[in-house]
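Undergrad: Model the structure of this input:
(one chain, ligands or ions: 1)
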Amino acid sequence: MNVIEINQLTKSYGQARGISDVSFNVEQGEIFGFIGPNGAGKSTTIRTLLSLIYPTSGSAKIFGMDHIKHATEIKKEIGYLPSEVFYYDNMRVIDLLKYSASFYKKDCTKRMKELIALLEIDPHKKIDDLSFGNKKKVGIIQGLQHEPKLVILDEPTSGLDPLMQMRFFDLLQEENKKGTTIFFSSHILSEVQRLCNRVAIIKEGKLIKLEKISTLQENTYKKFKLEAIDTISHDYWALEGISKLEVTENHTQFLFKGNINLIMQKLAGLNLSNLWIEEPDLEEIFMHYYEKEDVSV
Ligand SMILES: Nc1ncnc2c1ncn2[C@@H]1O[C@H](COP(=O)(O)OP(=O)(O)OP(=O)(O)O)[C@@H](O)[C@H]1O
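TA: Numbers count the residues shown, from 1 in each chain. Got it, this is the predicted structure:
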(Lines give C-alpha, C1' and ligand atoms only; values in the text may rest on other atoms or scores of the structure.)
Protein backbone atom coordinates (compact mmCIF):
# COMPACT_ATOMS: atom_id res chain seq x y z
CA MET A 1 0.00 0.00 0.00
CA ASN A 2 1.19 3.50 -0.81
CA VAL A 3 1.33 5.91 2.09
CA ILE A 4 2.40 8.79 -0.16
CA GLU A 5 1.45 9.23 -3.83
CA ILE A 6 2.83 12.25 -5.64
CA ASN A 7 1.57 12.87 -9.17
CA GLN A 8 3.21 15.40 -11.50
CA LEU A 9 3.49 17.90 -8.68
CA THR A 10 4.65 21.34 -9.78
CA LYS A 11 5.19 24.40 -7.63
CA SER A 12 6.47 27.69 -9.01
CA TYR A 13 7.18 30.73 -6.89
CA GLY A 14 6.10 33.32 -9.45
CA GLN A 15 8.79 33.16 -12.11
CA ALA A 16 11.13 31.23 -9.80
CA ARG A 17 11.52 27.49 -10.06
CA GLY A 18 10.36 25.43 -7.15
CA ILE A 19 9.65 21.87 -8.35
CA SER A 20 8.49 20.62 -11.74
CA ASP A 21 6.50 17.50 -12.59
CA VAL A 22 7.60 15.47 -9.57
CA SER A 23 6.02 11.99 -9.29
CA PHE A 24 6.81 9.13 -6.93
CA ASN A 25 5.20 6.87 -4.32
CA VAL A 26 6.28 5.83 -0.85
CA GLU A 27 5.08 2.45 0.37
CA GLN A 28 3.93 1.65 3.86
CA GLY A 29 6.80 0.53 6.11
CA GLU A 30 9.57 2.07 4.01
CA ILE A 31 12.37 4.29 5.14
CA PHE A 32 12.45 6.44 2.06
CA GLY A 33 15.33 8.81 1.34
CA PHE A 34 14.83 12.06 -0.52
CA ILE A 35 18.14 13.48 -1.55
CA GLY A 36 19.43 16.49 -3.42
CA PRO A 37 21.75 19.44 -2.92
CA ASN A 38 20.72 22.78 -1.43
CA GLY A 39 17.97 24.41 -3.45
CA ALA A 40 17.05 21.21 -5.35
CA GLY A 41 13.43 21.35 -4.17
CA LYS A 42 13.24 18.95 -1.22
CA SER A 43 11.53 21.35 1.18
CA THR A 44 9.22 22.63 -1.56
CA THR A 45 8.11 19.04 -2.29
CA ILE A 46 7.49 18.36 1.40
CA ARG A 47 5.67 21.64 2.06
CA THR A 48 3.48 21.14 -0.99
CA LEU A 49 2.76 17.55 -0.03
CA LEU A 50 1.74 18.68 3.45
CA SER A 51 -0.40 21.45 1.88
CA LEU A 52 1.50 24.12 3.80
CA ILE A 53 1.84 25.72 0.37
CA TYR A 54 -0.37 25.00 -2.62
CA PRO A 55 0.74 23.30 -5.82
CA THR A 56 0.76 25.16 -9.13
CA SER A 57 -0.39 21.89 -10.72
CA GLY A 58 -0.42 18.17 -10.05
CA SER A 59 -1.84 16.21 -7.14
CA ALA A 60 -0.84 14.17 -4.12
CA LYS A 61 -2.37 11.68 -1.73
CA ILE A 62 -1.39 10.67 1.77
CA PHE A 63 -2.96 7.50 3.24
CA GLY A 64 -4.99 7.36 0.02
CA MET A 65 -6.62 10.75 0.71
CA ASP A 66 -6.22 13.98 -1.24
CA HIS A 67 -3.55 16.03 0.55
CA ILE A 68 -5.51 19.29 0.40
CA LYS A 69 -9.12 18.18 0.86
CA HIS A 70 -8.32 15.90 3.77
CA ALA A 71 -5.42 17.89 5.23
CA THR A 72 -6.81 18.04 8.78
CA GLU A 73 -7.52 14.33 8.96
CA ILE A 74 -4.16 13.43 7.44
CA LYS A 75 -2.13 15.63 9.79
CA LYS A 76 -3.36 13.74 12.86
CA GLU A 77 -1.34 10.74 11.71
CA ILE A 78 1.80 12.60 10.61
CA GLY A 79 4.87 13.71 12.48
CA TYR A 80 6.72 16.51 10.66
CA LEU A 81 10.09 17.98 11.45
CA PRO A 82 10.70 21.08 9.30
CA SER A 83 14.23 21.95 8.18
CA GLU A 84 14.12 25.07 10.34
CA VAL A 85 12.30 25.08 13.62
CA PHE A 86 10.84 28.29 15.05
CA TYR A 87 9.49 28.45 18.57
CA TYR A 88 8.06 30.81 21.11
CA ASP A 89 11.37 31.42 22.81
CA ASN A 90 9.90 32.23 26.19
CA MET A 91 8.20 28.86 26.59
CA ARG A 92 9.77 26.02 28.52
CA VAL A 93 10.45 22.80 26.62
CA ILE A 94 7.87 20.83 28.60
CA ASP A 95 5.15 23.45 28.04
CA LEU A 96 5.81 23.50 24.31
CA LEU A 97 5.70 19.70 24.11
CA LYS A 98 2.47 19.54 26.14
CA TYR A 99 0.98 22.24 23.93
CA SER A 100 1.82 20.31 20.73
CA ALA A 101 0.55 17.08 22.30
CA SER A 102 -2.79 18.79 23.04
CA PHE A 103 -3.54 18.85 19.29
CA TYR A 104 -3.89 15.08 19.29
CA LYS A 105 -6.67 13.07 20.85
CA LYS A 106 -4.31 10.71 22.63
CA ASP A 107 -2.27 10.87 25.78
CA CYS A 108 1.32 11.43 24.66
CA THR A 109 2.83 11.78 28.15
CA LYS A 110 4.54 8.39 28.34
CA ARG A 111 6.18 8.61 24.92
CA MET A 112 7.14 12.25 25.51
CA LYS A 113 8.99 11.31 28.71
CA GLU A 114 10.74 8.41 27.01
CA LEU A 115 11.92 10.65 24.18
CA ILE A 116 13.06 13.40 26.57
CA ALA A 117 15.19 10.82 28.40
CA LEU A 118 16.53 9.24 25.21
CA LEU A 119 17.55 12.51 23.61
CA GLU A 120 18.83 13.92 26.91
CA ILE A 121 16.99 17.19 26.92
CA ASP A 122 16.20 19.27 30.01
CA PRO A 123 12.41 19.77 29.81
CA HIS A 124 12.44 22.69 32.24
CA LYS A 125 14.78 24.89 30.20
CA LYS A 126 13.47 27.82 28.23
CA ILE A 127 13.56 27.32 24.48
CA ASP A 128 15.54 30.55 24.23
CA ASP A 129 18.37 29.02 26.26
CA LEU A 130 18.75 25.96 24.02
CA SER A 131 21.47 25.45 21.43
CA PHE A 132 20.50 24.86 17.77
CA GLY A 133 21.02 21.09 18.18
CA ASN A 134 18.88 20.98 21.32
CA LYS A 135 16.12 22.91 19.58
CA LYS A 136 16.28 20.28 16.86
CA LYS A 137 15.82 17.57 19.49
CA VAL A 138 12.68 19.33 20.73
CA GLY A 139 11.44 19.26 17.13
CA ILE A 140 12.16 15.53 16.93
CA ILE A 141 10.19 14.87 20.12
CA GLN A 142 7.34 17.03 18.80
CA GLY A 143 7.32 14.98 15.60
CA LEU A 144 7.34 11.59 17.30
CA GLN A 145 5.55 11.90 20.63
CA HIS A 146 2.08 11.20 19.23
CA GLU A 147 3.35 8.00 17.58
CA PRO A 148 2.30 8.92 14.03
CA LYS A 149 1.93 6.45 11.17
CA LEU A 150 4.10 8.58 8.89
CA VAL A 151 7.11 10.66 9.91
CA ILE A 152 8.40 13.32 7.51
CA LEU A 153 11.82 14.65 8.38
CA ASP A 154 13.39 17.56 6.50
CA GLU A 155 17.17 17.62 7.10
CA PRO A 156 16.72 16.27 10.63
CA THR A 157 20.33 15.70 11.65
CA SER A 158 21.78 19.18 11.23
CA GLY A 159 23.02 20.34 14.60
CA LEU A 160 23.05 16.88 16.22
CA ASP A 161 26.41 15.63 17.42
CA PRO A 162 27.57 12.19 16.13
CA LEU A 163 26.48 10.30 19.25
CA MET A 164 23.04 11.90 19.14
CA GLN A 165 22.78 11.19 15.41
CA MET A 166 23.41 7.51 16.08
CA ARG A 167 20.80 7.46 18.82
CA PHE A 168 18.35 9.25 16.53
CA PHE A 169 18.92 6.71 13.72
CA ASP A 170 18.38 3.84 16.16
CA LEU A 171 15.19 5.53 17.27
CA LEU A 172 13.96 5.85 13.68
CA GLN A 173 14.78 2.22 12.99
CA GLU A 174 12.82 1.17 16.08
CA GLU A 175 9.85 3.29 15.02
CA ASN A 176 10.07 1.74 11.56
CA LYS A 177 10.05 -1.78 13.02
CA LYS A 178 6.79 -0.88 14.75
CA GLY A 179 5.33 -0.08 11.32
CA THR A 180 5.97 3.65 10.98
CA THR A 181 6.77 4.85 7.46
CA ILE A 182 9.66 7.30 7.37
CA PHE A 183 10.32 9.95 4.74
CA PHE A 184 13.82 11.25 5.24
CA SER A 185 15.06 14.27 3.33
CA SER A 186 18.76 15.03 3.38
CA HIS A 187 21.74 16.24 1.40
CA ILE A 188 24.05 13.92 3.33
CA LEU A 189 24.49 10.77 1.28
CA SER A 190 26.12 8.56 3.87
CA GLU A 191 23.17 8.88 6.25
CA VAL A 192 20.64 8.09 3.53
CA GLN A 193 22.75 5.10 2.50
CA ARG A 194 22.85 3.88 6.07
CA LEU A 195 19.20 4.33 6.91
CA CYS A 196 17.01 4.11 3.83
CA ASN A 197 15.66 1.25 1.67
CA ARG A 198 14.83 3.39 -1.34
CA VAL A 199 15.86 6.80 -2.54
CA ALA A 200 14.60 9.54 -4.84
CA ILE A 201 17.22 11.92 -6.18
CA ILE A 202 16.08 15.45 -7.00
CA LYS A 203 18.04 18.01 -8.98
CA GLU A 204 17.01 21.53 -9.99
CA GLY A 205 13.37 20.83 -9.15
CA LYS A 206 13.14 17.59 -11.14
CA LEU A 207 13.26 13.98 -10.02
CA ILE A 208 16.19 12.31 -11.74
CA LYS A 209 16.30 8.86 -10.15
CA LEU A 210 14.09 6.61 -8.07
CA GLU A 211 15.70 3.39 -6.99
CA LYS A 212 16.35 0.87 -4.22
CA ILE A 213 19.64 1.69 -2.51
CA SER A 214 20.81 -1.89 -3.10
CA THR A 215 19.99 -1.72 -6.85
CA LEU A 216 21.72 1.64 -7.17
CA GLN A 217 24.84 0.02 -5.84
CA GLU A 218 24.51 -3.23 -7.83
CA ASN A 219 23.74 -1.78 -11.22
CA THR A 220 26.57 0.63 -11.32
CA TYR A 221 30.26 0.21 -11.80
CA LYS A 222 32.77 -1.40 -9.46
CA LYS A 223 36.04 0.17 -8.40
CA PHE A 224 39.21 -1.80 -9.16
CA LYS A 225 42.54 -1.01 -7.57
CA LEU A 226 45.54 -3.22 -8.16
CA GLU A 227 49.24 -3.45 -7.49
CA ALA A 228 51.32 -5.35 -10.02
CA ILE A 229 54.87 -6.70 -9.83
CA ASP A 230 55.61 -5.28 -13.30
CA THR A 231 54.57 -2.01 -14.86
CA ILE A 232 51.32 -2.31 -16.83
CA SER A 233 50.86 -0.15 -19.89
CA HIS A 234 47.88 2.13 -20.26
CA ASP A 235 46.96 0.31 -23.48
CA TYR A 236 46.51 -3.01 -21.67
CA TRP A 237 43.19 -1.62 -20.36
CA ALA A 238 41.64 -0.93 -23.75
CA LEU A 239 38.37 -2.62 -22.83
CA GLU A 240 34.82 -1.34 -23.14
CA GLY A 241 33.35 -0.45 -19.74
CA ILE A 242 36.53 0.90 -18.19
CA SER A 243 36.54 4.54 -17.14
CA LYS A 244 38.55 6.90 -14.95
CA LEU A 245 41.69 4.86 -15.61
CA GLU A 246 44.77 5.94 -13.66
CA VAL A 247 48.08 4.14 -14.13
CA THR A 248 51.13 5.10 -12.06
CA GLU A 249 54.08 2.68 -12.17
CA ASN A 250 52.87 -0.45 -10.35
CA HIS A 251 49.50 0.95 -9.30
CA THR A 252 46.40 0.94 -11.46
CA GLN A 253 42.89 1.96 -10.66
CA PHE A 254 39.71 2.30 -12.70
CA LEU A 255 35.94 1.99 -12.66
CA PHE A 256 34.34 -0.89 -14.54
CA LYS A 257 30.78 -1.52 -15.64
CA GLY A 258 30.02 -4.49 -17.86
CA ASN A 259 30.70 -8.23 -18.13
CA ILE A 260 32.76 -9.07 -15.05
CA ASN A 261 34.31 -12.13 -16.79
CA LEU A 262 36.06 -9.94 -19.33
CA ILE A 263 37.80 -7.95 -16.65
CA MET A 264 38.71 -11.16 -14.80
CA GLN A 265 40.42 -12.46 -17.96
CA LYS A 266 42.44 -9.26 -18.11
CA LEU A 267 43.42 -9.60 -14.45
CA ALA A 268 44.39 -13.26 -14.91
CA GLY A 269 47.03 -12.20 -17.42
CA LEU A 270 48.86 -10.10 -14.83
CA ASN A 271 51.35 -10.76 -12.06
CA LEU A 272 49.58 -9.01 -9.18
CA SER A 273 50.75 -8.38 -5.63
CA ASN A 274 47.44 -6.96 -4.45
CA LEU A 275 43.87 -6.39 -5.62
CA TRP A 276 40.86 -4.49 -4.28
CA ILE A 277 37.39 -4.62 -5.85
CA GLU A 278 35.02 -2.20 -4.16
CA GLU A 279 31.38 -1.16 -4.44
CA PRO A 280 31.07 2.54 -5.10
CA ASP A 281 29.48 4.43 -2.26
CA LEU A 282 26.32 6.43 -2.74
CA GLU A 283 28.31 9.62 -3.06
CA GLU A 284 30.09 8.34 -6.15
CA ILE A 285 26.84 7.05 -7.66
CA PHE A 286 25.18 10.34 -6.89
CA MET A 287 27.94 12.36 -8.54
CA HIS A 288 27.64 10.07 -11.55
CA TYR A 289 23.93 10.99 -11.94
CA TYR A 290 24.57 14.63 -11.27
CA GLU A 291 27.26 14.87 -13.91
CA LYS A 292 25.00 13.41 -16.61
CA GLU A 293 23.10 15.96 -18.66
CA ASP A 294 20.31 13.81 -20.09
CA VAL A 295 19.17 11.95 -17.02
CA SER A 296 15.68 10.56 -16.79
CA VAL A 297 13.82 8.50 -14.18
N1 LIG B 1 9.35 31.23 -0.77
C2 LIG B 1 10.08 31.12 -1.87
N3 LIG B 1 10.05 32.09 -2.82
C4 LIG B 1 10.75 32.00 -3.97
N5 LIG B 1 11.55 30.95 -4.27
C6 LIG B 1 11.63 29.96 -3.36
C7 LIG B 1 10.91 29.98 -2.13
N8 LIG B 1 11.18 28.84 -1.44
C9 LIG B 1 12.05 28.13 -2.21
N10 LIG B 1 12.31 28.81 -3.36
C11 LIG B 1 13.19 28.33 -4.47
O12 LIG B 1 12.76 27.04 -4.84
C13 LIG B 1 13.87 26.19 -5.11
C14 LIG B 1 13.82 24.95 -4.25
O15 LIG B 1 14.04 25.33 -2.89
P16 LIG B 1 13.88 24.33 -1.66
O17 LIG B 1 13.99 25.11 -0.40
O18 LIG B 1 12.67 23.51 -1.86
O19 LIG B 1 15.17 23.40 -1.86
P20 LIG B 1 15.80 22.34 -0.85
O21 LIG B 1 16.18 21.17 -1.71
O22 LIG B 1 14.91 22.08 0.30
O23 LIG B 1 17.12 23.06 -0.41
P24 LIG B 1 17.78 23.25 1.05
O25 LIG B 1 18.47 21.95 1.32
O26 LIG B 1 18.75 24.36 0.81
O27 LIG B 1 16.69 23.58 2.00
C28 LIG B 1 15.11 27.05 -4.89
O29 LIG B 1 15.54 27.53 -6.15
C30 LIG B 1 14.63 28.15 -4.00
O31 LIG B 1 15.35 29.35 -4.24
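
Undergrad: Look at residue 26 and tell me its secondary structure.
TA: Taken by DSSP: H, G, I helix; E, B strand; the rest coil, the conformation at residue 26 corresponds to strand.

Undergrad: If you could redo that for residue 68, that was the one I meant.
TA: Three-state call for residue 68 (three-state DSSP): coil.

Undergrad: residue contacts, it?
TA: 51, 54 (Cβ atoms under 8 Å, 6 or more residues apart in numbering). Heads up, the C-betas are built off the backbone N, CA and C, glycines and all.

Undergrad: before we move on, what about residue 82?
TA: Per Cβ under 8 Å, 6+ apart, neighbours of residue 82: 43, 139, 154.

Undergrad: Buried among those residues? Need that as a selection in ChimeraX.
TA: Per 16 or more other Cβ atoms under 10 Å, the buried members of the contacts of residue 82 correspond to this ChimeraX selection:
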select :43,139,154
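
Undergrad: all strands of the stretch 51-200 of the chain, in order?
TA: All strands of the stretch 51-200 of the chain, identified by DSSP state E, counting those that start in this stretch, fall at 57-62, 65-66, 78-81, 150-154, 181-186, 198-203.

Undergrad: now the angle between strand 57-62 and the fourth one, please.
TA: In this case it means strand 150-154. Strand 150-154 runs at 130 degrees relative to strand 57-62, counting by axes from the mean of the first three to the mean of the last three Cα atoms, to 10 degrees.

Undergrad: by contact count, what packs against strand 150-154?
TA: helix 42-49, strand 78-81, helix 132-144, helix 162-177, strand 181-186 (3 or more Cβ pairs under 8 Å, 6 or more residues apart in numbering; DSSP states H and E).

Undergrad: gap between whatever residue of the stretch 151-297 of the chain ends up closest to the ligand and residue 262?
TA: Using Cβ to the nearest ligand atom, the single residue of the stretch 151-297 of the chain nearest to the ligand is residue 187, 5.6 Å away. To residue 262, residue 187 is 37 Å away according to Cβ to Cβ, to the nearest Å.

Undergrad: Then residue 276?
TA: On the measure of Cβ to Cβ, residue 276 and residue 262 end up 19 Å apart.

Undergrad: which one of these two has more residues nearby?
TA: residue 262 (14 against 10; other Cβ atoms under 10 Å).

Undergrad: In terms of helices and strands, where is the more buried one?
TA: For residue 262, the element it lies in under DSSP states H and E is helix 260-268.

Undergrad: Show residues contacting whatever helix or strand comes next after that helix.
TA: Counting by DSSP H and E, the next helix or strand C-terminal to helix 260-268 is strand 272-278. The contact list for strand 272-278, computed with Cβ under 8 Å, 6+ apart, reads 222, 223, 224, 225, 226, 227, 228, 229, 250, 267.
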